[in-house]
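*Asks:* Have a look at this prediction, sequence included:
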Amino acid sequence: SKLIFLIIWFTPNTFMFKVPYYFIHIDKWADHKRSVLSNLRVKNPERVPKNTDDSVVTSYWDEFDYNEHIEFLNLIHGYIAPHTKDMRVERVSRLWWQTTHKGDYHTAHDHGMDGWSAVFYAQFNPEVHRSTTFYRPYPAPMDLVPPIFSPKVKEGDLFMFPSFILHEAPINTSDEPRTIISFNLS
């Protein structure tokens, strides 16, 4: 008598869990870039922790003031407003920016369990920069879902994702600075 093994490999066409995101290009960015970037500054450098693994220039530690970013907020409003109902959010609750120079990076982190977060690629050259790396929030059998995701982006792109997703800014290996404007929606 013979023992026969039949191996069946299948690829499912649906998954039980998916992580939603929104990807929008802000086509008017070129008209506002110079003005918006010229207003990005760290107001209170003394508040920036010295014992951090990160090596970015950021306004994260400053208090968020809508008026300081009104041009940018007005620019993106029309693009994100159609999605706020689906996202169950009402407003930008916090905004900051960060610039990475050659050798700089921002370690893996999340933005909490509530709401959505966004990365706007304000100064970004896809030929020399890498986009944000996102990490799968759950184990996946047989790696049917890749463990990391890095969207293909260009300057002026806005990527919105659930705040709980672990993500990081990879090392900038270029001499060109990479600047993002990040915000949370609640």
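*Replies:* Done, it's in.
*Asks:* show me the contacts for Asn172.
*Replies:* By Cβ atoms under 8 Å, 6 or more residues apart in numbering, the contact set of Asn172 is Thr100, His101, Lys102, Gly103, Asp104, Tyr105, His129, Arg178. Backbone N, C-alpha and C define where each C-beta goes, glycine included.
*Asks:* just for this structure, where's the confidence low?
*Replies:* Along the chain, segments meeting pLDDT under 70 span 1-17, 50-54, 142-143.
*Asks:* That one: helices as residue ranges?
*Replies:* Secondary structure of the chain (DSSP state H): helices at 29-38, 70-80, 84-87.
*Asks:* related to what we said a few turns ago, list buried residues within the contacts of Asn172.
*Replies:* Buried subset of those (neighbour count, 16 or more other Cβ atoms under 10 Å): Thr100, Asp104, His129, Arg178.
*Asks:* coming back round to it: out of the contacts of Asn172, what pair is the most spread apart?
*Replies:* Within these, Gly103 and His129 form the most distant pair, 13.2 Å apart (Cβ to Cβ).
*Asks:* quick one on the thing from earlier: out of the buried ones among the contacts of Asn172, which sit inside strands?
*Replies:* Among these, DSSP state E puts Thr100, Arg178 in strands.
*Asks:* Asp27 contacts Gly156, doesn't it?
*Replies:* Yes - with contact defined as Cβ atoms under 8 Å, Asp27 reaches Gly156; the gap is 6.9 Å.
*Asks:* More neighbours: those two, which one.
*Replies:* Of the pair Asp27 and Gly156, Gly156 is the one with more neighbours under other Cβ atoms under 10 Å, namely 18 against 9.
*Asks:* how far away is the nearest residue to the more buried one once chain neighbours are set aside from Leu144?
*Replies:* In this structure, Gly156 finds its nearest non-sequential neighbour in Trp29, 3.6 Å apart by Cβ to Cβ, 6 or more residues apart in numbering. Separation of Trp29 from Leu144 (Cβ to Cβ, to the nearest Å) stands at 36 Å.
*Asks:* which of the two has more neighbours?
*Replies:* Trp29 (20 against 9).
*Asks:* surely the more buried one meets Ile76?
*Replies:* No - Trp29 lies out of contact with Ile76 (Cβ under 8 Å); the separation is 9.4 Å.
*Asks:* where along this protein do the strands fall?
*Replies:* Counting by DSSP E, the strands of the chain are 22-25, 57-58, 92-100, 106-109, 116-123, 133-135, 148-149, 157-162, 167-169, 178-185.
*Asks:* Turn those strands into CSV, including distance to Lys33.
*Replies:* Conversion of these to CSV gives the following (distance: least, Cβ to Cβ, whole Å):
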stretch, distance to Lys33
strand 22-25, 14
strand 57-58, 18
strand 92-100, 13
strand 106-109, 22
strand 116-123, 7
strand 133-135, 24
strand 148-149, 26
strand 157-162, 13
strand 167-169, 20
strand 178-185, 10
